[in-house]
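Undergrad: Got a predicted structure here, sequence first:
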Amino acid sequence: TFLRCSLCVSVTSTCVCGAHVAACLHPPTQPNSSPLRNNTCATMICGVLNAVVRVANCIVANTLSPSLQLPLFSCTASFAVEVLLVAYVLYASRKFILGGGRRRLTVTVPAEASTSWTTTKVVDELKLQDPKDPRVIKLYDPCSGYVLGKGTARAMDAADVKAVVAKARAAQPAWAASSFETRRELLRLLMDYIVEHQEEICRVASRDTGKTMVDGAFGEVLTTCEKLRWTVENGEKALAPEHRGVGALAMHKSARVEYHPMGVLGAIIPWNYPFHNMYGQLISALFAGNAIVIKVSEHATWSAEYYLSIVHAALKAVGHSPDLVQIVTGYAEAGNALINSGVDKVTFIGSPGVGKLVMKAAADTLTPVVLELGGKDAAVICEDCDYDQVVNLTLRGTFQNCGQNCIGLERLVVHEKIYDRFVQFMEREVNKLTQGAPMNNCFDCGAMTMGVAQVAKIQHLVDDAVKKGARLLAGGKVNTKVGGPGTFYTPTLLADVTPAMEIAQEEVFGPVMVIMKSKDDQDSIRLVNSSQYGLGSSVFSKDYARAERIARAIRAGMSNINDFGVNYLCQSLPFGGVNISGFDRFAGIEGLRGCCLLKAVTSDKTFIRTTIPPPLQYPIMASGFKFCEAMINMFYGDGLAARAKGLFNLARISLSKKK
């Protein structure tokens, strides 16, 4: 009898669970329906396991002992129900388990992304701008000088920029009216394409900027996928109306902040991560309901066309205009034109010098700007650190993307007790690093994207440091062994660097490890804060209280305890700096909301509405001020007695018939 009842319960509970699974797998399709939540996976698994376990129970119950066997028909019928439910759940969840349930984008990948691609066309000179025609951008591989694509692109003028902004603005109202589910579907399509074509994306970035494939995987793909994941899962919640508290004075009101699309956003992005820099901006802009116009770097113009075609295909797939995302190509003139084109906000990522020019240009139209202007990030390495962890992380933090990384570790501040050991280890390891054209082989470091001019700047900083007493223990010169047009700078190690040296103050943006010695924690803090930059920072110590104390004393927009750059993989966090590293933030909740028009809204909580008391109605009574005074005392007086007195006076004045 017990087993019969148990089996009945099994079938009933499985049916309920199966219905729950079906509801999760086939959610409502209303325009503003909620997305599938994280418990969908758990629900499906529970449904399958529930049915499987109960089928097993039926089999076991009928094989333990003849005396416990259930009637054949009862067990067979129940078994059939369980099997059918298992089959249904597995079928309904096939897309979740196997993938492939969503549409796939079709985008043409440039031929130059192939390792087998060859050409005999080489630029005659590694200069982007043709002196004979300043409206032309030359497209070439910085590692080899090979001509890419058509060989040239057009540098847009002010009229061209206004035209693309107008196209974006015309497409934006329809997108602003789209549901969050539509926007999530757009991002899911992008995620699927990026994951399936990550090699092609990295190869295009490698061909255009000279980065290694691993650097592309870290900086282009991984970061973009994480931003997509966070936005899909958290974006709607971040942009939902936020209800705020009200005081006693407005107790009859409700108050909230609403986040509305701003319109058309502008972004001026650098060349170091051409794919992620583009997508990091457009993901937030589009999810917030905006259009966006992106001025791409003249050093990464060739790759921009392919990257743009991906999001255009995704927008078409969800039934919206690809005009929502536009790119601007060109030099400083094009960037200046974008700022003054009527866009509603501009994000600029670059250097402090150019950032000042952006601010000046934006001031003419009072266009709000977000500035991320690079960094001189330091890692404080205490004597009680996890040494094996630190040496590997600091190598990656310094030489990631050949040092062309705004949150790269440009200064290693090492405690004197482990300083010599640390320097000796790094001397050995840095001299082992390999370098070459990354499309041809596996190397640790690639090329300098900006070419000969960037190499010359790095050489000046290294020479100045050596002249002022720094020890050059590795590299320190152009790498001529790898061939090419002189765009490779050898991985370099400088020890005994002091704040008086230019390399301790200027952003290198190259493969140079700078090591400074500190006597104690206060000395470390002094050395870190001696720079005008203030973007990111790291502190390494097994004493967490000590590490937190040091981090709090560092003036920077971001700090990582026992890690490097991981804050950017936590896409819930804002990204940005202080001092000459810029201001305002992108990424995280703050960055997503920064793409919106913030509107403060109040409404009636009940049928009670605000009315003007008679003493304050025009024409105002003589008792008007006394009425205000009594009201203020009633709400804000010091102590119950003062407030009671205010209430009494308020009632007395209100009941008075005197004018």
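TA: Arrived safely.

Undergrad: Secondary structure element holding K360?
TA: helix 352-363 (DSSP states H and E).

Undergrad: With L187 instead?
TA: Per DSSP H and E: helix 180-196 holds L187.

Undergrad: The helix or strand following the helix holding K360: partners in the sheet, and parallel or antiparallel?
TA: Counting by DSSP H and E, the element after helix 352-363 in chain order, helix or strand, is strand 369-372. Applying DSSP bridges to the sheet, strand 369-372 is found paired with strand 345-349 (parallel), strand 582-583 (antiparallel).

Undergrad: got the phi/psi numbers for F422?
TA: Per-residue torsions, F422: phi -60, psi -50 (degrees, to the nearest 10).

Undergrad: Please apply the same query to I554.
TA: phi -80, psi 130.

Undergrad: just the one 4 residues further on next, same as before
TA: The phi/psi pair for M558 (degrees, to the nearest 10) reads phi -150, psi 150.

Undergrad: Identify the residues contacting the spatially most central residue of the chain.
TA: The geometric centre of the chain, computed from its C-alpha atoms, lies nearest to A587 (Cα atoms, centre = their mean), at 4.3 Å. Residues in contact with A587 (Cβ atoms under 8 Å, 6 or more residues apart in numbering) are 227, 280, 284, 568, 571, 573-575. C-beta: built from backbone N, CA, C; applies to glycine.

Undergrad: out of the residues you listed, which one sits closest to F648?
TA: Nearest to F648 among the contacts of A587: P574, at 49.6 Å, using Cβ to Cβ.

Undergrad: what sits against the residue lying closest to the closest one once chain neighbours are set aside?
TA: Leaving aside its sequence neighbours, P574 sits nearest to R585 (Cβ to Cβ, 6 or more residues apart in numbering; 3.6 Å). Shown in contact with R585 (Cβ under 8 Å, 6+ apart): 370, 557, 574-576, 591, 594.

Undergrad: 10 Å instead?
TA: 370, 372, 557-558, 573-577, 591, 593-594 (Cβ atoms under 10 Å, 6 or more residues apart in numbering).

Undergrad: try W175
TA: 168, 182-183, 186, 261, 286, 289-291, 315, 318, 320-321, 323-324.

Undergrad: Spell out which helix or strand contains I292, please.
TA: Here I292 is assigned to strand 291-295, by DSSP H and E.

Undergrad: what's the angle from that strand to strand 345-349?
TA: Note on geometry: by axes from the mean of the first three to the mean of the last three Cα atoms, to 10 degrees, strand 291-295 and strand 345-349 are set 40 degrees apart in direction.

Undergrad: Mind giving me the packing neighbours of strand 291-295?
TA: Applying 3 or more Cβ pairs under 10 Å, 6 or more residues apart in numbering; DSSP states H and E, one finds that strand 291-295 contacts helix 158-176, strand 264-268, helix 274-287, helix 301-317, strand 325-328, helix 332-339, strand 345-349.

Undergrad: tell me what the fifth one is packed against?
TA: If I follow you right, that is strand 325-328. Using 3+ Cβ pairs under 10 Å, 6+ apart, strand 325-328 sits against helix 158-176, strand 264-268, helix 274-287, strand 291-295, helix 301-317, helix 332-339.

Undergrad: Now do the buried residues in the strand holding I292.
TA: 291-295 (16 or more other Cβ atoms under 10 Å).
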